[in-house]
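K.L.:
Based on what follows, work out the 3D shape:
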Amino acid sequence: MQYNKVWAACCLGALLACGACGRMTKDEKFKLDIEQYTQKECPKFVDKYTRLDSACYDIGSRTLSYHYTVQGNFDNEEFFTDELTEPFHDEVLKGLKTSLQLKPYKDEGITFHYDYRSKTSGKLLLELTFTADDYGK
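P.N.:
Numbers count the residues shown, from 1 in each chain. Have a look, this model is predicted:
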């Protein structure tokens, strides 16, 4: 009889522990989803000059980062002047605001970060960061 109570307690403990393992926070789910997206989809060209190399989600800062490499006509430091990057900034923000795929992330008010590097030099050419205040959570 005592053996059955111990066995039942062990089984119950194991079930509770397994149940807790299956529960993820939203941030853990976001991190896993983005890791799977990167493995499945990256690298991929988003246009003739821009390749998405990877994406990652940092739980601590609640930031979703996209890492791009630019080539061809855009692979030039002189191209990334304030005069030319301001309209680009506005287009990226517009895309973020209207993206249905990113809605779960926007609903949580996370930060979005985009960096663009030169294919030839590897140098960082442009960084864009948008918070909930920018995209209007």
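K.L.:
Below-threshold pLDDT in this protein: ranges please.
P.N.:
Across the chain, the ranges flagged by pLDDT under 70 are 1-22, 137.
K.L.:
Give the partner strands of the helix or strand where Ala55 lies in its sheet and their orientations.
P.N.:
According to DSSP states H and E, Ala55 maps onto strand 50-58. Strands that pair with strand 50-58, judged by DSSP bridges, come out as strand 44-45 (antiparallel), strand 63-70 (antiparallel).
K.L.:
could you pull out the helices for the protein?
P.N.:
Listed in chain order, the helices of the chain (DSSP state H) span 2-21, 26-41, 82-98, 103-107, 132-135.
K.L.:
rewinding a little: taking helix 26-41 as reference, get the angle to the strand holding Ala55.
P.N.:
If you take axes from the mean of the first three to the mean of the last three CA atoms, to 10 degrees, strand 50-58 sits at 150 degrees to helix 26-41.
K.L.:
Now find how far off-centre strand 50-58 is within its chain.
P.N.:
Here the centre of strand 50-58 is set off from its chain's centre by 7 Å, with CA atoms, centre = their mean, to the nearest Å.
K.L.:
buried set for it?
P.N.:
The neighbour-count check on strand 50-58 (16 or more other CB atoms under 10 Å) flags Arg51, Leu52, Ser54, Ala55, Tyr57, Asp58 as buried. Just so you know, the C-beta spots here come from the backbone N, C-alpha and C atoms, and that holds for glycine as well.
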